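Visitor: A structural model of the following input is requested.
(chains A, B, C and D)
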2 protein chains.
Amino acid sequence: MTARTDRETKILDVAADMLVRHGYRRVTIDDVAGAAGIGKGTVYLHWKTREELFGAVFAREVRGAIADMVTALHADPAVALLHRFAAEFFLAILRRPLLYGMVIGDVQMWGKLVGSEAGYDGGRHNTVMVSYVDVLAARGLVRTDLATPELTYAFQSVFEGFIYAERTVGSTGTRDERARLLSATVESAFSRPGTPDAALADEVAALLSGLV
Amino acid sequence: MTARTDRETKILDVAADMLVRHGYRRVTIDDVAGAAGIGKGTVYLHWKTREELFGAVFAREVRGAIADMVTALHADPAVALLHRFAAEFFLAILRRPLLYGMVIGDVQMWGKLVGSEAGYDGGRHNTVMVSYVDVLAARGLVRTDLATPELTYAFQSVFEGFIYAERTVGSTGTRDERARLLSATVESAFSRPGTPDAALADEVAALLSGLV
DNA sequence: GTATGACCAAGTTCGAAATCTGGTCAAGTG
DNA sequence: CACTTGACCAGATTTCGAACTTGGTCATAC
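Guide: A predicted model of the protein is given here:
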C-alpha cells in the first residue's frame, strides 16, 4: 500500500507546485493528473472532490510547519518561550509560500479556499494558542497582569502584524532580522524571564500536534 | 467664495455617505450630484475626475483623524507617548469606517483606490512615523537597544496587527478594551517611563500636521 | 461669470452560444 | 478481480457582440 502513499505524495507535490505557479483557478484536475503521469480518474481514488485535494495540500503545509516547530522544540526547549516560539513560527510560515499565501488571504493563490477552514480548523487553532499561553502563565513565563485570553489575543495580533508587514516591500533588513525583531518585541511585551525544561517543550509540542 | 466651499463640503458628505453604503463601484457622479441637489457638471467644477473626487473624500478622512490626534495631544501631552498615541490613533481610525476600510484594503468599499495612495502619500506617512519615533528616542521615551527604523517598523507591525485583528469577530471585550490592550502591549514592548511636556506634544502635532 | 444636463465615446453589463472542467463509470489492463 | 483510465456529460465558465451605462465635455441658459 506504500505505492498508493507514494502516488498520493506525488499528486500533492504536483498540485502544490502548480498552485504556487498558477493559482487555484487555473489549476485543473486534468493538469495535476497529467503532470503526475496518471489518469484523471485516479486522482478521484484519493480525494472525493477538487476542493478536498487542495485542502489536503494545505493540510500538509500546516503539518510541515508544525513538524518544524516540534523539531525546534526538541532541539532547544527554550523555543517554548513565547518570543522564541514567535520567531520560529514566523520563519516556518515564510518558508512556505502556500502557507504564507493562506495566512495573508491570497485569493489569486487559494481562490475560494481562503479563510474557508479548508482542511484546518481555525477555532481549534485559537483554542490551542490559548492553552499554550495558559501553560506559560502557569510557569510564570509570561506577564501575569493580563488574563490569558487577552494576552493570547494581543500576541496573535502582534504576530499577524509582523506577518502582514512582510508584504510591504520597504521592510527593514533580512527575513531573519525581522524574525529577531518580532522576537524582541514579543519578549518585552509579554515574556517573563525563565528557562523551560524538556518537559515543558514536550507539552507544547503535544499541544501543537493536536492541531494535525 | 464660502458658498463654493459649502458646496464642496456637501458633495464630499454625500459621496462619503454613499461610499460607505454602496461601495466605490456603485456610486456614480450622477448619484452624488443628484443627492447633493446639483447638476453633474458642477461636480466637475470642483474635481477633474471621479477618482479625484473620491481621493478628496479619503484625504478629508485622514485630515479628520489627524485633527483628532492633534486635539488629543493638546488636551493631554502624555498622548505623545508611543503607547498612548497608539491607542488614540487606533480609535481615531475605527471611528471612521472609510478610513478603516482603506487601512484594511476593503476593495468593495474603495475599489481600485485601495493602496493607490489616493490623495495620500504612504511613503510620507512612513517618514513621519520614523521622525516621531526619533523624537521620542531623543528624549529617552522609547527603548534604546533598537535603532529607530527597526523600532518604527516593529511598532507599525504591532499597530496594524491590532487593526487587522478587528476584522475577526472573536475579539475580546469592547473596542476600548482592545485599545487599552494595544496600549499595554506597545508600552511594555517599546516605551520607557517619562512625562512629555506641552512642547513635545506640539512637536508631535506639527509632525502629524505635515501629513495633510 | 456660473451652472447645467444633453451628448458622446469609452467602458460595463447582459445573454446566449461556445467552451471548458469537475466528477462518473463502463471498459480496459495485468 | 482489483485497479486504472479517459470518454463522457451536466453544470459551470468563458466569449463575444449588442444593449446599456456612465465619466467627462461643452453649448446653452441664466
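Visitor: does the residue in chain A that DNA strand D sits nearest to sit in a helix or strand, and which one?
Guide: DNA strand D sits closest to A:G41 of chain A, with a gap of 1.9 Å, by C-beta to the nearest atom of the strand. C-betas here are computed from N, CA, C, even on glycine. Using DSSP states H and E, A:G41 sits within helix A:40-43.
Visitor: Show me what that helix packs onto, helices and strands only.
Guide: With contacts taken as 3 or more C-beta pairs under 8 Å, 6 or more residues apart in numbering or on different chains; DSSP states H and E, helix A:40-43 sits against helix A:29-36.
Visitor: Chain A against DNA strand D: which residues are in contact?
Guide: Taking C-beta under 7 Å from any atom of the strand, the part of chain A that reaches DNA strand D is made up of A:A3, A:R4, A:R7, A:R25, A:I38, A:G39, A:K40, A:G41, A:T42, A:Y44, A:L45.
Visitor: redo that, cut-off 10 Å
Guide: Residues of chain A lying close to DNA strand D (C-beta under 10 Å from any atom of the strand) are A:1, A:3-4, A:7, A:25-26, A:29-30, A:33-34, A:36-46, A:111-112.
Visitor: need the contact list for the closest residue to A:A78 other than its chain neighbours.
Guide: Leaving out its chain neighbours, the residue that sits closest to A:A78 by C-beta to C-beta, 6 or more residues apart in numbering or on different chains is A:R84, at 5.5 Å. Going by C-beta atoms under 8 Å, 6 or more residues apart in numbering or on different chains, A:R84 touches A:D76, A:A78, A:S183.
Visitor: distance of A:V212 from DNA strand C?
Guide: Between A:V212 and DNA strand C the computed distance is 23 Å (C-beta to the nearest atom of the strand, to the nearest Å).
Visitor: heading toward the C-terminus, what's the first helix or strand past the helix or strand containing A:I93?
Guide: Element membership for A:I93, per DSSP H and E: helix A:82-94. Later in the chain than helix A:82-94, the nearest helix or strand by DSSP H and E is helix A:97-103.
Visitor: which helices and strands sit right next to that following helix?
Guide: Helix A:97-103 sits against helix A:2-22, helix A:50-75, helix A:82-94, helix A:107-110, helix A:148-165, with contacts defined as 3+ C-beta pairs under 8 Å, 6+ apart.
Visitor: Rebuild those as a markdown table, extending it with mean pLDDT and distance to B:A56.
Guide: Formatted as a markdown table, these follow (pLDDT from 0 to 100; distance: least, C-beta to C-beta, whole Å):
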| stretch | mean pLDDT | distance to B:A56 |
| --- | --- | --- |
| helix A:2-22 | 93 | 40 |
| helix A:50-75 | 97 | 42 |
| helix A:82-94 | 98 | 38 |
| helix A:107-110 | 94 | 29 |
| helix A:148-165 | 97 | 28 |
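Visitor: Now render these as CSV, adding distance to B:A147.
Guide: Formatted as CSV, the helices and strands packed on helix A:97-103 follow (distance: least, C-beta to C-beta, whole Å):
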stretch, distance to B:A147
helix A:2-22, 34
helix A:50-75, 28
helix A:82-94, 19
helix A:107-110, 34
helix A:148-165, 17
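Visitor: want to throw those helices into JSON lines with distance to DNA strand C?
Guide: Shown next, in JSON lines, are these (distance: least, C-beta to the nearest atom of the strand, whole Å):
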{"stretch": "helix A:2-22", "distance to DNA strand C": "11"}
{"stretch": "helix A:50-75", "distance to DNA strand C": "3"}
{"stretch": "helix A:82-94", "distance to DNA strand C": "27"}
{"stretch": "helix A:107-110", "distance to DNA strand C": "14"}
{"stretch": "helix A:148-165", "distance to DNA strand C": "29"}
